[in-house]
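> Model the structure of this input:
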Amino acid sequence: MSKIISERFIQTKIHLLIFLTLCTFLLGGCIDSGCEIANVMEVPSTSGKYIATIYNKECNATIPFNTHVCLTIKGEPFSPSNEQDILIMKDKDNITLSWLDDQHLKISIKSSQVYKSEKSWNDVSIEIVNEVKD
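Sure thing, here's the model as predicted:
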C-alpha cells in the first residue's frame, strides 16, 4: 500500500514540475525582461511642469518594434510601462512633439498602425495628427 502511495506522490510531483515548466516557458514571452528600450527624446512642456518622452521598445519576436510617447510630471522617473503611455505606434522616427502650453500637446505622426492614442492625460489635452492617409 505504501509503495502505491509513494508512486502516486512521485507522479504528482513530476506532473507539477512539468506544469510549472510549461507555465514558465509560455509566460516567458509576456515579461518585459527581454525588451530593449531606447530613449529617443525628452520634450519638456513650456514651463517644464511635464515631460513628454519618446522612446522605442522592441521585445524580440513577441512584440514588434514600436514607438511610444509617455507623459510624466517633472521629477518623476521615466518608466517604460504602458500605464504612462499616451501613444503607441508601429513605426519609428515618424513623430514630432510640440507643446502649445502646459495643457496642450500636439503630436504629429506618420504611421499606418496606431495601437494606443489618448486624448488627455491629467490636465493635458492631446492632439494627435496622423499624416498617413487611409
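> contacts, neighbours, all on C-alpha from now
Will do.
> ok, Asp102 touching Pro44?
No: using C-alpha atoms under 8 Å, Asp102 is not in contact with Pro44, being 9.0 Å away.
> who has more neighbours, these two?
Taking other C-alpha atoms under 10 Å, Asp102 and Pro44 do not tie; Pro44 has more neighbours (20 against 17).
> on that earlier part again, shared neighbours, Asp102 and Pro44?
Tyr50 (C-alpha atoms under 8 Å, 6 or more residues apart in numbering).
> Can you give me the buried ones in the helix or strand hosting Ser108?
When elements are assigned from DSSP states H and E, Ser108 belongs to strand 104-109. Judged by neighbour count using 16 or more other C-alpha atoms under 10 Å, the buried positions of strand 104-109 are His104, Leu105, Lys106, Ile107, Ile109.
> Quick one: name whatever helix or strand follows that strand.
Using DSSP H and E, the first helix or strand after strand 104-109 is strand 114-117.
> what mean pLDDT does the very next helix or strand once past that next one have?
As assigned by DSSP H and E, the chain's next helix or strand after strand 114-117 is strand 120-121. Mean per-residue pLDDT for strand 120-121: 96.
> Need the residues that contact stretch 36-52.
Against stretch 36-52 from outside (C-alpha under 8 Å, 6+ apart): 53-59, 69-74, 80, 97, 99-102.
> same deal with stretch 58-77?
29-30, 32, 34-37, 48-57, 78, 84-93, 121.
> Swap in 7 Å and give it another go.
29, 34-37, 48-57, 84-92 (C-alpha atoms under 7 Å, 6 or more residues apart in numbering).
> which of these are buried?
For these, buried by 16+ other C-alpha under 10 Å: 29, 35, 50-57, 85-92.
> in a helix, that's where Glu7 is, yeah?
Yes: assessed with DSSP: H, G, I helix; E, B strand; the rest coil, Glu7 lies in a helix.
> so where do the strands sit in this structure?
36-44, 50-59, 63-73, 85-89, 95-101, 104-109, 114-117, 120-121, 124-130 (DSSP state E).
> any chance of these in CSV, with distance to Glu7 too?
CSV is the format used below for those (distance: least, C-alpha to C-alpha, whole Å):
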stretch, distance to Glu7
strand 36-44, 46
strand 50-59, 42
strand 63-73, 43
strand 85-89, 52
strand 95-101, 62
strand 104-109, 63
strand 114-117, 51
strand 120-121, 59
strand 124-130, 63
